[in-house]
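Visitor: got a sequence here, can you model it:
(2 chains)
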Amino acid sequence: MGNEHYIAITDFCISHNISSKFILELHDYGLIELVSREKTRYIPLQQLPRTEKILRLYSDLEINLEGIAVINHLLDRIEKMQDEITFLKNKLDLYEE
Amino acid sequence: MEFIDYYKVLDLDKGASQSDIKKAYRKLARKYHPDINPNNKEAEKKFKEINEAHMVLSNPENRKKYDQYGKDWQHAEEFEKAKKSRQYSYGPQSSGSSQGYSAQDFSDFFESMFGGSQNFGGRGRVKFRGQDLNASLQLHIRDVYTSHKRTLTINDKKIRLNIPAGIENGQTIKISGHGGPGQQGGPNGDLYISFTIINDTPFKRDGNNLYTTVNLDLYKAVLGGDITVDSFEGQVKLKVKPETQNGTKVKLKGKGFPVYKKEGQFGDLYITYNIIVPTNLSPKEKELFKELATLKKQT
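Guide: Predicted structure coming up:
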């Protein structure tokens, strides 16, 4: 396992001044993915922006985890729809000549 | 410089309690927070206003100052003069901000009234992520046929960017941490780059597939033969089947556009034949065509 692709939960929690319990709770809620190697749990690097976003929503806006799950779901849907709009616009350009 | 009614920003009455202010701030911050409104400049602007209003009204000392001078702008000018004379008496104050705020994070009104962020040290402040920045990049379709590196200058900072082959027109990519600086120790925002792909080639693009029309002379369409057609990678030899009809489509597998972030994978190139009927026929040609027509009638 390349260290550059994973961040130990303890390191993440120290730098954000939070309890590791919180990260495990996020995992239990299905909000983030974690990987386990040799009794240590890690946050995959690609999960980092998502995890930090959840932290901000939790601390800045005091949204509970259920609320964050709903927000994430809706934001994912918006992103998919925006991609679809771009795709359809490009397709439309193909026939508009 | 315009007067900003912070009560109006938070949709509050002047007599609002601290609990009302907190409640109103939370309600609006949840609506306009940059994480909930990615890529939305309007929401970002609104969020800054809400944040500024909250910083003033949630601090009783500054709220009092705002209530006293804020409504009537002329008095604020006097307040400024008074503040300046105090500074002369006690020596100039440091103009540096140690709170991670930059002037652009506050309105001119706020800066003039409260002197920027230095008067807002510590109390009850939360970390805020830096603003997301948006940039647009115009590229020619040939530029995105292969992955390449490009250096962009955004807000006087140079960013070396890998542009993967196969980017779509209108696609936006996110460069994490290259947005505005975080506030109060918060993380940097992200940089979003939207691509406009100019297609000045004879190829039309639909996702990973390319489409083009090739003119075919009548004789080759009838008798068949070899032709050379242009693809994105250069010329390709193609066999034309005898008795090919006008509008026939052929697919050249793997000769289309690269698949985004899937190295070595390509879409297909679709060629539509446009058969050209000969013009300006010589008497001999006309005679031969007539002969053909007669032959056709007999069969």
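
Visitor: the longest helix along chain A close to chain B?
Guide: Looking across chain A with DSSP state H, the single longest helix is helix A:65-95. Yes: using CB under 8 Å from any CB of the partner chain as the criterion, contacts between helix A:65-95 and chain B involve A:71, A:75, A:79, A:86-87, A:89-91, A:93-94. For glycine as for every other residue, the C-beta is placed from the backbone atoms N, C-alpha and C.

Visitor: filter those residues to the buried ones?
Guide: The neighbour count (16 or more other CB atoms under 10 Å in any protein chain shown) marks A:71, A:86-87, A:90 as buried among these.

Visitor: between those residues, which is closest to A:Cys13?
Guide: Nearest to A:Cys13 among these: A:Ile71, at 22.4 Å, using CB to CB.

Visitor: enumerate every residue touching that closest one.
Guide: A:57, A:63, B:36 (CB atoms under 8 Å, 6 or more residues apart in numbering or on different chains).

Visitor: one more time with 10 Å
Guide: A:53-54, A:57, A:61, A:63, B:30, B:33, B:35-36 (CB atoms under 10 Å, 6 or more residues apart in numbering or on different chains).

Visitor: now it: how far from A:Arg56?
Guide: Separation of A:Ile71 from A:Arg56 (CB to CB, to the nearest Å): 11 Å.

Visitor: before we move on, the earlier item: make TSV from the contacts of A:Ile71 and add secondary structure to it.
Guide: As requested, these are exported to TSV (DSSP: H, G, I helix; E, B strand; the rest coil):
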residue	secondary structure
A:Lys53	helix
A:Ile54	helix
A:Leu57	helix
A:Leu61	coil
A:Ile63	coil
B:Arg30	helix
B:His33	coil
B:Asp35	coil
B:Ile36	coil
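
Visitor: any quick PyMOL command for the buried ones out of those?
Guide: In PyMOL syntax, the buried subset of these is picked out as below (16+ other CB under 10 Å):
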select buried, (chain A and resi 53+54+57+61+63) or (chain B and resi 30+33+35+36)
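
Visitor: before we move on, back to that, overlap of the contact sets of A:Ile71 and A:Arg56?
Guide: Residues touching both A:Ile71 and A:Arg56 (CB under 10 Å, 6+ apart) are A:63, B:33, B:35-36.

Visitor: so which of those residues is the closest to B:Lys46?
Guide: When those are ranked by distance to B:Lys46 (CB to CB), B:His33 comes first, at 10.0 Å.

Visitor: in three-state terms, label B:Tyr211 for me.
Guide: strand.

Visitor: spit out the contact partners of the nearest residue to it once chain neighbours are set aside.
Guide: Spatially, and ignoring its direct neighbours in sequence, B:Tyr211 is nearest to B:Lys204 (4.4 Å; CB to CB, 6 or more residues apart in numbering or on different chains). Neighbouring residues of B:Lys204 by CB under 10 Å, 6+ apart: A:93-95, A:97, B:210-213, B:270.
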